[in-house]
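*Asks:* What follows is a predicted structure for the sequence shown.
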2 protein chains.
Amino acid sequence: MEKNIITISRQFGSGGRTIAKGVAEKLGYDYYDKELIEKVAEMTGFDPKYIEENGEYAPGKSIFSLASSFISASRVMGGMSAYDYLWVVQRNAIIEIADKGNCVIVGRCADYILKDYPNALHVYIHAPMEARAERIVKRYGESDKKPEDRLKEKDSKRSVNYKHFTGNVWGDSRNYDLCLNSDKLTIKKCIEVICDFATMEWGTGKQV
Amino acid sequence: MEKNIITISRQFGSGGRTIAKGVAEKLGYDYYDKELIEKVAEMTGFDPKYIEENGEYAPGKSIFSLASSFISASRVMGGMSAYDYLWVVQRNAIIEIADKGNCVIVGRCADYILKDYPNALHVYIHAPMEARAERIVKRYGESDKKPEDRLKEKDSKRSVNYKHFTGNVWGDSRNYDLCLNSDKLTIKKCIEVICDFATMEWGTGKQV
């Protein structure tokens, strides 16, 4: 049986992670989100918190705040910045996971890293600002910052990170096979349609 | 019964028009592509060829090449350029069509014009350059220009037109509810999934 890989990129607060989990459960695929962070932590010696904060965001204040992880990994970084080194290791981890197959990988530019894999379906989940703001307040509670500002900051950091490593524009539909507005289409329906596409014959380029 | 409106934006050569036609047929909806051009021609006195060339492309050499249409319409343009005047009339025609409901509208920034319609589903169809090049040669034959150059020119003109009138980036997934790579997913499957979404309950924002 051929390997099937689904990458799910998502706007913060769009429900992308819930969708990814739902797809993996429904298809019986391995799921990599926090699991990928743990794998990269093992490979680098970086603190999982550092990886979570910098593995798909442009560097903010936190880039030098986890000095112990930084120092423990510096021996093997070969002159690269911690940010670039993290990218290389994360990229290798994603390729290793994809080679095993039948998996759902969340975020971390996996769509770009695996863009030439014939059995990969690349999905992007987004939703309007208002729906996302409501969702993050429900899920993570209130904070000092307005939810809209938290979203804008996350969007901006993911976008800069994506541009830096891929040269492409984050959220441009042409990077993905399938983009879904989870607010309009509902999370349940997004899971259904991704599973539907995942179980069809892929990469045939057949046109009726 | 509530009105349902499907807008289908598409990259040239992606099969978007075939998909739009297939969706309209399957759902029994009215289909507006050339039909929209004819409607705008009636409303303006512009030549249909002029509308086709300028209604969703940034002005090229053709903008002043159909002088007779230009002159016949100049009495009602109220100081606007022909390009802006065409936008206004085309926009009104799209709103008029949408108000009748149960229709599929191809291109012409209809996604933006109808973005606040609660029963509108906005779709974008794209495909990789190679697949599109093959498709346009099959469909429209060879020309002096390489198919890749023809595609790049069309992409660029549509993109400039979209930016000019909407302020948004053409092809950015966040402008649409559903974006599909027709080469990966096949045209047949694209039709199916759009019809599936079109017949579900829309705009509820329900999340499981």
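*Replies:* Received, thanks.
*Asks:* Beyond the helix or strand of chain A with the lowest mean pLDDT, next helix or strand please.
*Replies:* Least confident helix or strand of chain A, by mean pLDDT, DSSP states H and E, is helix A:67-74 with a mean of 46. Using DSSP states H and E, the next helix or strand after helix A:67-74 towards the C-terminus is helix A:82-100.
*Asks:* Return the list of helices and strands in contact with that next one.
*Replies:* Identification of packing neighbours for helix A:82-100 by 3 or more C-beta pairs under 8 Å, 6 or more residues apart in numbering or on different chains; DSSP states H and E yields strand A:30-32, helix A:34-44, helix A:48-54, helix A:67-74, strand A:103-106, helix A:110-113. C-betas here are computed from N, CA, C, even on glycine.
*Asks:* what's the span of stretch A:180-190, first residue to last?
*Replies:* 7 Å (C-alpha to C-alpha, to the nearest Å).
*Asks:* For the most centrally placed residue in chain A, give its distance to chain B.
*Replies:* The centroid of chain A falls nearest to A:Gly107 when counting by C-alpha atoms, centre = their mean (0.4 Å). Using C-beta to the nearest C-beta, to the nearest Å, A:Gly107 is found at 15 Å from chain B.
*Asks:* residue contacts, that residue?
*Replies:* A:8-10, A:16, A:33, A:56 (C-beta atoms under 8 Å, 6 or more residues apart in numbering or on different chains).
*Asks:* mind checking the backbone torsions on it?
*Replies:* Note on A:Gly107: backbone dihedrals following degrees, to the nearest 10 are phi 60, psi -160.
*Asks:* Could you tell me which residues of chain A lie near chain B?
*Replies:* Residues of chain A lying close to chain B (C-beta under 8 Å from any C-beta of the partner chain) are A:11, A:15, A:121, A:124, A:126, A:131, A:135, A:169, A:171-174, A:176-189, A:193, A:196-197, A:200, A:202-208.
*Asks:* 7 Å instead, please
*Replies:* Within chain A, the residues that sit near chain B (C-beta under 7 Å from any C-beta of the partner chain) are A:15, A:124, A:126, A:131, A:171-174, A:177-181, A:183-189, A:193, A:197, A:200, A:203, A:205-208.
*Asks:* Buried by neighbour count, from those residues: which ones?
*Replies:* The neighbour-count test (16 or more other C-beta atoms under 10 Å in any protein chain shown) marks A:15, A:124, A:126, A:131, A:171-174, A:177-181, A:183-187, A:189, A:193, A:197, A:207 as buried among those.
*Asks:* which ones among these are found in helices?
*Replies:* Per DSSP state H, helices hold the following members of these: A:131, A:183-185, A:187, A:189, A:193, A:197.
*Asks:* Throw these into CSV and include pLDDT, thanks.
*Replies:* What follows is these, written out as CSV (pLDDT from 0 to 100):
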residue, pLDDT
A:Ala131, 93
A:Asp183, 92
A:Lys184, 89
A:Leu185, 87
A:Ile187, 92
A:Lys189, 91
A:Val193, 91
A:Phe197, 87
